[in-house]
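> Pasted the sequence and its predicted model underneath.
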Amino acid sequence: MRIAVPVWGQLISPVFDTAETLKIYDIDASNISNRNDYQLTGSGIGKARTVAELANILICGAISNEVEKCLIALGINVHPWVMGESDSIIESYLQGKISEYEYSMPGCQRQRQRRCRRGKNFNESKSQSNQSGNSTVTEKKDE
């Protein structure tokens, strides 16, 4: 399993659509076996396509409806409206605790709804976006 997390430093980026760095976690037997940072550029839809090339799960902060629908259509399991330090969030996800209130962004009540402040249900129509967007990704190398 591969989990993608847009990051700002060590924290989950507050908005997926504008994130510039994507951390990919490789998970083997419920443990983190590897993690790599990738530079992420392009539009929100292009970023969604890049995530689909690199991972099968996305854990992120805020995300636009259009980009979330595109990710779902591409087969990505999306966990939006999450905040915190990326490594600890992954550990919590692996323990089944990602939906707890302490990991929710301000204004979110994850126990009652999957969308925050928009009032739309997470499981609404999974229609595929027709928007085009180009994105490029390059792995960041430690210098």
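Structure received. Residues are numbered from 1 along each chain as shown.
> in the chain, which helix has the most residues?
helix 44-54 (DSSP state H).
> any idea of the mean pLDDT for it?
Across helix 44-54, the average pLDDT comes to 94.
> helix or strand right after it?
Later in the chain than helix 44-54, the nearest helix or strand by DSSP states H and E is strand 57-59.
> Direction included, what does that following strand pair up with?
Strand 57-59 has these partner strands in its sheet, going by DSSP bridges: strand 2-8 (parallel), strand 77-79 (parallel).
> C-terminal to the last one, what's the next element?
Think strand 77-79. helix 86-94.
> what sits up against that following helix?
Outside of helix 86-94, the residues within contact range by CB atoms under 8 Å, 6 or more residues apart in numbering are 3, 5, 7, 10-12, 23, 25, 27, 30-32, 35, 59, 79, 82, 84, 98, 100, 103. C-beta: built from backbone N, CA, C; applies to glycine.
> Filter those down to the buried ones.
3, 5, 7, 12, 23, 25, 27, 59, 79, 82, 84, 98, 103 (16 or more other CB atoms under 10 Å).
> And the third one, how close does it get to Leu40?
When CB to CB, to the nearest Å is applied, the distance between Val7 and Leu40 equals 10 Å.
> what's the overlap in contacts for the two?
Ala19, Thr21, Leu22.
> Wasn't Glu66 part of a helix?
Yes - counting by DSSP: H, G, I helix; E, B strand; the rest coil, Glu66 falls inside a helix.
> So it sits against Ser43, correct?
No - using CB atoms under 8 Å, Glu66 is not in contact with Ser43; the gap is 10.0 Å.
> on that earlier part again, mean pLDDT added to the strands paired with strand 57-59, as TSV?
Output for the strands paired with strand 57-59, formatted as TSV (pLDDT from 0 to 100):
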stretch	mean pLDDT
strand 2-8	97
strand 77-79	95
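> want to try TSV for these, with distance to Glu53 as columns?
Output for these, formatted as TSV (distance: least, CB to CB, whole Å):
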stretch	distance to Glu53
strand 2-8	10
strand 77-79	15
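> tell me, which strand in the protein spans the most residues?
Identified as the longest strand of the chain according to DSSP state E is strand 31-42.
> what are the pairing partners of it, and which direction each?
Strand 31-42 has these partner strands in its sheet, going by DSSP bridges: strand 21-28 (antiparallel), strand 135-139 (antiparallel).
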